[in-house]
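In: just a sequence and a predicted model for now, questions to come.
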Amino acid sequence: MNMEHASARLIDGYARGDTDLVADEVWALESHLEGCRVCRDRLSAAVMAEAPAVAALTDAVWSELEHQLAAAVQAPRRRLRARLSAWTTPAMTPWLAMVLAVTLLALLLDLVEPGPGQVSLVLLLAPVLPVCGVAASWSRGLDPAYELTASTPRAGLQLVLRRTVSVLAVVIPTLLAGGWATGVTGVAAAQWLLPCLAFTSMTLALGGVIGVTRAAVALVAAWAAVVAAPTLATSRTAFALQTDSLPVWGLILALGIGVVIARRGAYTVLGAHR
């Protein structure tokens with residue numbers, strides 16, 4: 001398939017239902033057909049020529065349903081909801097609400113009991129908060145339509161990144177507002193923002209191997225055991241939240257992005273929904 005339109009070989013083979021077509025070509029064609037009217041018209045003509053039985057069946061079904069569809073009440077257009085559904089899932093809503101509630105609780109505790117030398121809870125929790133929303137947005141157990149989602153042409157890395165961006169678009173502004181309210185601004189904001197992005201990228205990277213939900217649970221547990229618990233016990237900022245650790249977090253972020261790109265095909269299988 002070229003950059004503009006599908007080849008005649010691929011269109012004709014798809015119309016006939018050939019079984020020797022490469023799976024990647026079929027997925028690419030189906031994705032292309034969504035936005036290309038020219039190729040959809042070519043496919044329609046190919047079905048008439050290459051698979052007349054299918055065309056006859058389609059015409060028979062359409063003639064049976066046409067009068068019923070004409071009499072049906074047209075549902076109002078919901079463009080905003082349709083656009084949101086391409087970026088979010090219903091399962092994300094309660095998890096995002098939970099993440100925002102935890103952020104607000106940490107912010108209140110920081111404002112009520114700041115304490116000399118005490119580590120900010122917003123700073124401590126910020127790196128792992130988006131991970132919960134990312135896990136919920138791509139979880140097999142939380143999305144009742146996960147099989148349909150995984151079988152669509154756009155179900156790969158593009159959909160994963162869309163849902164991840166929708167989570168970050170909600171969480172990061174909330175954390176920035178909380179950081180501003182508690183005085184965690186300027187260079188200090190990078191102490192949680194960079195780990196936040198690094199954890200998100202590593203969740204997706206590990207998610208392509210063991211499943212996004214399992215990766216999120218493992219990373220949150222590791223953060224709680226290695227950083228959060230010792231920090232709360234000693235009231236001393238761990239190295240992971242100090243400015244000296246920023247190059248390390250930058251390296252982890254780059255590594256996570258590289259793994260996600262290299263294994264982008266892993267997100268089209270149901271195993272990534274675990």
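Out: Nice, thanks for sending it over.

In: now Arg236, what's its secondary structure?
Out: Counting by DSSP: H, G, I helix; E, B strand; the rest coil, the backbone at Arg236 sits in coil.

In: burial count for it?
Out: Other residues lying near Arg236 total 12 when counted by other Cβ atoms under 10 Å. C-beta coordinates here come from the backbone N, C-alpha and C atoms, glycine included.

In: thought it was touching Val119?
Out: Yes. At 7.3 Å, Arg236 and Val119 qualify as touching, with contact defined as Cβ atoms under 8 Å.

In: for whichever helix or strand Arg214 is part of, name the packing helices and strands.
Out: Element membership for Arg214 (DSSP states H and E) is helix 212-223. Other helices and strands packing on helix 212-223, by 3 or more Cβ pairs under 8 Å, 6 or more residues apart in numbering; DSSP states H and E, are helix 129-137, helix 190-210.

In: what mean pLDDT does it have?
Out: Helix 212-223 shows a mean pLDDT of 86.

In: quick one: buried residues of it?
Out: Within helix 212-223, the residues scored as buried using 16 or more other Cβ atoms under 10 Å are Val212, Thr213, Arg214, Ala215, Ala216, Val217, Leu219, Val220, Trp223.

In: and those, which is closest to Gln158?
Out: Val212 (15.1 Å; Cβ to Cβ).

In: list the contacts for the residue nearest to Thr237 when sequence neighbours are not counted?
Out: Computed as Cβ to Cβ, 6 or more residues apart in numbering, the closest residue to Thr237 that is not its neighbour in sequence is Val119, at 5.3 Å. Shown in contact with Val119 (Cβ atoms under 8 Å, 6 or more residues apart in numbering): Thr231, Leu232, Ser235, Arg236, Thr237, Leu241.

In: is it true that the fifth one touches Pro230?
Out: No. The pair Thr237 and Pro230 does not pass the contact test of Cβ under 8 Å, sitting 10.5 Å apart.

In: between those two, point out the one with more neighbours.
Out: Thr237 (17 against 11).

In: check contacts around that one.
Out: Counted by Cβ under 8 Å, 6+ apart, Thr237 has contacts Val119, Leu123, Thr231.

In: burial count for the second one?
Out: The local packing count at Leu123 equals 23, with neighbours defined by other Cβ under 10 Å.

In: the last one too?
Out: Other residues within reach of Thr231 by the criterion other Cβ under 10 Å amount to 18.

In: surely it meets Leu241?
Out: Yes. Using Cβ under 8 Å, Thr231 is in contact with Leu241, at 7.4 Å.
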